[in-house]
Every structure is written in C-alpha cells, then in structure tokens.
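Q: need a structure here:
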Amino acid sequence: MVELNETVDARGTSFPVRGRYDGRFRPVVEAFKANFAREDEIGAACSIVVDGETLVDIWGGYRDGARSGEWDAGTTVCMMSVAKGVSGVCFNIAVDRGLIDIDRPVAAYWPEFAQNGKAEIPVRWILDHRAAIPVLTTDPMWPGGMFDREAYVRALAVQEPLWQPGTRAAYHVHNQGFLMGEILRRATGKTIGPFLRSDVAGPLHAEYHIGGMSEEEQGHVAEVMPNMGARLFAAKDVDVPEDGVWDGATLRPLAFRQNPDEPWHTTLNSRVWREVEIASGNGHGNARGVARIYGATVGKVDGISLLSRDGLEAMIVEQHNQVELLQERPYHQALGVLLNTPEAVYMGPNPRSFGHHGIGGSLGFGDPDRKVGFSYACNKMHAVGDNGPRARRLIDAAYEVIG
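A: Numbers count the residues shown, from 1 in each chain. Below is the predicted model:
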C-alpha cells in the first residue's frame with residue numbers, strides 16, 4: 001500500500017490529502033484531488049474494498065467550514081440517506097436468518113399497525129416505498145417530534161394510507177426507517193441502531209452508527225454544511241390537499257413537519273441528532289466503515305459475510321422502476337436498497353450494483369459481481385438532484401482499474 005501525504009491548492013486554501021492506497025488505484029487519488037480543485041469540496045473521504053481487501057482508504061480537507069481542523073483518519077460525518085441502504089442491509093440480515101417474512105403483513109409483527117386500513121400491507125411494501133404512508137397526516141405530531149421515537153411509531157400505527165397501498169411508490173423520507181426499526185424490534189428485540197452496532201458494525205470494526213453515539217464517538221464528527229438549494233431542504237410548508245391528489249410539491253414539505261423549528265444546519269450538527277435513532281437519515285460514519293459493510297454484504301471481510309448468497313440475491317431483486325411521487329425521481333427499487341439508477345444514483349457500470357446515496361453527495365454501494373464495496377463521504381453538500389459529480393468522478397476512476 002502506498003502512503004498518501006499530498007496537498008491540493010484551490011480557492012485560496014491548501015487542502016491536505018492523506019491515507020493509503022494500492023498503487024493500481026492512483027486514478028482514484030487523482031479523482032479525489034480533482035474534487036478539491038474543481039468542485040466545492042471542503043472535507044471528504046473515499047474507500048474501496050475489493051474481494052474483502054481495503055485497497056483505497058483516503059481522506060482530505062477540513063472537518064469544518066472555518067477550515068480550522070483537518071479531516072483525519074478517524075473523522076466521521078452524517079451521511080444522510082446512506083443510512084437507508086445500511087438499514088436495509090441490517091433488515092435483510094434478519095430476513096435471511098428467517099426472523100422476518102417480507103410477504104407477511106406488517107401487523108403480524110406489529111399488531112397496532114393494522115389500524116386505519118393497513119392490516120394487509122406486507123413488509124415488502126415497507127422496503128420498497130409502496131406502503132402509501134410516506135408522510136404523517138393523521139397524527140402529524142409537533143416540531144421536533146422526530147426525536148421522540150416512541151411517539152413517532154405510535155403516529156405511524158394510526159396513520160391512514162394516502163392512496164391504495166402497493167400501487168405507487170413514494171420515498172418514505174423519515175418514515176421508512178421508523179417502520180423498519182419497529183418491525184425489526186418486534187422480531188429481534190433490537191431496533192436498527194443497536195442491531196447495526198452488535199451484528200454488523202461491531203464485528204466488522206466499521207465506523208458507522210445510527211443513533212446512540214457516545215461522547216467519545218461524537219468528538220470525531222465533522223460539521224455538516226447543508227445546501228439549501230437542494231429540493232428536500234428547500235421545500236416550503238403546505239396544507240394537506242383537499243382533493244386528495246398528492247405530488248412532490250405537497251408531499252415534500254410534510255415529510256419535515258416533525259423536524260425542529262430551527263435551521264437545518266443547527267439540527268444536523270446537534271447532539272440529539274447524533275444520539276437518537278432516525279434510521280432513514282442520521283447515520284454517522286466514514287467511507288472506510290461503509291465500504292467494509294458493503295464489502296461484507298457482497299463477499300467476506302475479515303472472514304465475515306453479512307448475507308448468504310441467496311439472501312443477497314433476494315435483496316436485490318428489482319421490485320419496481322417507478323418515478324416515485326415525493327422526489328419525482330426514477331428509481332430501480334429493490335428491497336430496502338436502491339439498484340443502480342444512473343439518472344438518480346450512479347453506482348458504476350454494473351446494473352446489479354445496489355446501495356443508497358445521501359442528500360448532498362455521500363454514497364455507499366456494493367457490486368455483487370465484482371465483489372466491490374464503495375463509499376464516498378463529504379461534509380459540504382451539493383444541491384444537484386442525483387449523487388453528483390464528485391462521487392461519479394471517483395467511481396469512474398475506480399472502475400478504470402477494476403474493469
């Protein structure tokens with residue numbers, strides 16, 4: 001492995017670039033440096049696992065917007081909806097172990113969920129965003145209610161579907177994580193955060209957490225800098241449509257009525273955001289940890305394989321390819337993870353690659369055929385609708401080498 005200790009001079013700043021990499025992957029290092037030179041990168045990391053071996057583990061820039069602290073080997077950051085893919089992997093581990101049957105009704109595990117016309121909704125539709133409860137309207141809660149997990153779960157139990165379940169996909173921005181977490185808790189005794197720590201991240205020594213972060217773990221977290229031009233962040237509050245016709249303009253603002261009544265920058269950099277479990281969006285980690293998780297999903301890392309071959313193949317069967325209602329994006333949707341959808345979330349040349357991006361640019365995915373685990377993490381978010389030029393540049397450079 002080659003030790004990396006270089007700098008990139010851009011925008012009046014010298015950005016340190018550190019880490020280690022297999023010499024064949026020098027194109028990835030050059031792509032990483034290009035992100036600082038050509039894009040609005042502040043701090044970032046990239047890691048690539050191939051056949052269980054970490055061949056790229058690089059990081060650079062600064063942990064904060066003031067550029068007062070360098071991003072180092074232990075720096076973590078909120079990777080936003082990258083958490084959905086990791087949560088999906090956790091959930092599918094329980095499915096693979098025979099603890100959850102995705103074709104049974106959710107109510108078979110969580111009886112209270114049967115209220116208001118949801119008795120027959122199968123677990124499968126929670127995983128592929130077709131459950132028709134992407135936002136809370138029946139019991140919309142209060143600003144900051146997203147931090148009260150038990151109250152949120154009770155609100156989901158009484159929520160009525162907004163259209164016929166199973167017919168249309170709509171991105172369940174926060175709701176999917178709470179829904180999966182409660183089903184997992186009823187089946188295993190653990191919600192996603194503790195399950196991740198005990199059954200996935202802990203055994204793999206992967207730095208990735210969903211809630212429950214200790215004081216020491218929080219000490220390594222980089223400042224998140226949201227881009228308010230992003231569609232989800234820019235959504236303005238609206239009323240529930242009287243005609244019952246839902247689209248992105250009406251759904252997006254309702255997805256955040258349970259957020260605190262404060263700027264996004266304050267919320268995403270708060271202690272409570274790191275301590276509570278919001279399994280669809282508040283995963284904190286680094287590229288090394290996420291790449292190891294995906295590497296162990298498509299193969300073995302340090303002798304650990306998270307899914308059987310059958311379990312992996314079952315997870316990545318495409319459920320639908322719809323333009324989902326909330327963000328109005330096309331997604332090749334699998335079970336708890338997205339499949340490669342270049343116009344929305346680019347994961348290289350293999351259409352069978354799977355994972356999830358996070359708003360602002362972070363990404364984690366696995367390539368099941370080349371046994372690749374890939375992750376890119378950043379703290380300065382972009383506003384583009386897909387996972388952006390920075391991740392794409394790194395992915396393309398990686399596959400120049402991988403083939």
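
Q: and stretch 340-351, average pLDDT?
A: The average pLDDT within stretch 340-351 is 96.

Q: Can you give me the end-to-end span of that stretch?
A: Stretch 340-351 has its terminal residues 5 Å apart, counting by C-alpha to C-alpha, to the nearest Å.

Q: and that stretch, which residues are buried?
A: Buried residues in stretch 340-351, counted by 16 or more other C-beta atoms under 10 Å: 340, 341, 344, 345, 346, 347, 348, 350. Every C-beta, even on glycine, is put in place using the N, C-alpha and C of the backbone.

Q: Likewise for stretch 70-77?
A: 70, 71, 72, 75, 76, 77.

Q: Wait, a strand at the last one?
A: Meaning residue 77. Yes: counting by DSSP: H, G, I helix; E, B strand; the rest coil, residue 77 is found in a strand.

Q: How about the contacts made by it?
A: Shown in contact with residue 77 (C-beta atoms under 8 Å, 6 or more residues apart in numbering): 43, 221, 222, 224, 284, 285, 286, 362, 377, 378, 379.

Q: do you know how far it is from residue 211?
A: 15 Å (C-beta to C-beta, to the nearest Å).

Q: coming back round to it: possible to save the buried residues of stretch 70-77 as JSON lines with distance to residue 252 and pLDDT?
A: Formatted as JSON lines, the buried residues of stretch 70-77 follow (distance: C-beta to C-beta, whole Å; pLDDT from 0 to 100):
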{"residue": "70", "distance to residue 252": "36", "pLDDT": "98"}
{"residue": "71", "distance to residue 252": "31", "pLDDT": "98"}
{"residue": "72", "distance to residue 252": "36", "pLDDT": "98"}
{"residue": "75", "distance to residue 252": "31", "pLDDT": "98"}
{"residue": "76", "distance to residue 252": "28", "pLDDT": "98"}
{"residue": "77", "distance to residue 252": "24", "pLDDT": "98"}
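
Q: Can you add distance to residue 9 and give those residues back as a markdown table?
A: Conversion of the buried residues of stretch 70-77 to a markdown table gives the following (distance: C-beta to C-beta, whole Å):
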| residue | distance to residue 9 |
| --- | --- |
| 70 | 15 |
| 71 | 17 |
| 72 | 20 |
| 75 | 21 |
| 76 | 26 |
| 77 | 23 |
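
Q: In contact with residue 181, which residues?
A: 87, 149, 153, 191, 192, 193, 277, 279.

Q: repeat that for 10 Å
A: 87, 90-91, 149, 152-153, 190-195, 210-211, 277-280 (C-beta atoms under 10 Å, 6 or more residues apart in numbering).

Q: Dead centre of the protein: give me the residue that sits there.
A: residue 82 (1.5 Å; C-alpha atoms, centre = their mean).

Q: ok, that residue touching residue 291?
A: No: in this structure residue 82 lies outside contact range of residue 291 using C-beta atoms under 10 Å: 11.2 Å.

Q: where do the contact lists of the two overlap?
A: 208, 364, 365, 375, 376, 377.

Q: Just name the closest of those to residue 228, please.
A: residue 377 (20.4 Å; C-beta to C-beta).

Q: Was I right to think the closest one contacts residue 61?
A: No: the pair residue 377 / residue 61 is not scored as a contact, 11.1 Å apart, by C-beta under 10 Å.

Q: Compare the two (neighbour count), which wins?
A: residue 377 (34 against 27; other C-beta atoms under 10 Å).

Q: Check for me that that one belongs to a strand.
A: Yes: per three-state DSSP, residue 377 lies within a strand segment.

Q: the strands in the stretch 151-300 of the chain, which residues?
A: 208-210, 283-285 (DSSP state E, counting those that start in this stretch).

Q: Just say which of those strands is most tucked in.
A: strand 283-285 (a mean of 30; mean count of other C-beta atoms under 10 Å).

Q: Who are the packing partners of that strand?
A: strand 77-78, helix 82-96, strand 208-210, helix 215-218, helix 287-298, strand 372-378 (3 or more C-beta pairs under 10 Å, 6 or more residues apart in numbering; DSSP states H and E).

Q: before we move on, back to that, what do residue 377 and residue 61 both touch?
A: Joint contacts of residue 377 and residue 61 (C-beta under 10 Å, 6+ apart) are 43, 44, 45, 71, 75, 222.
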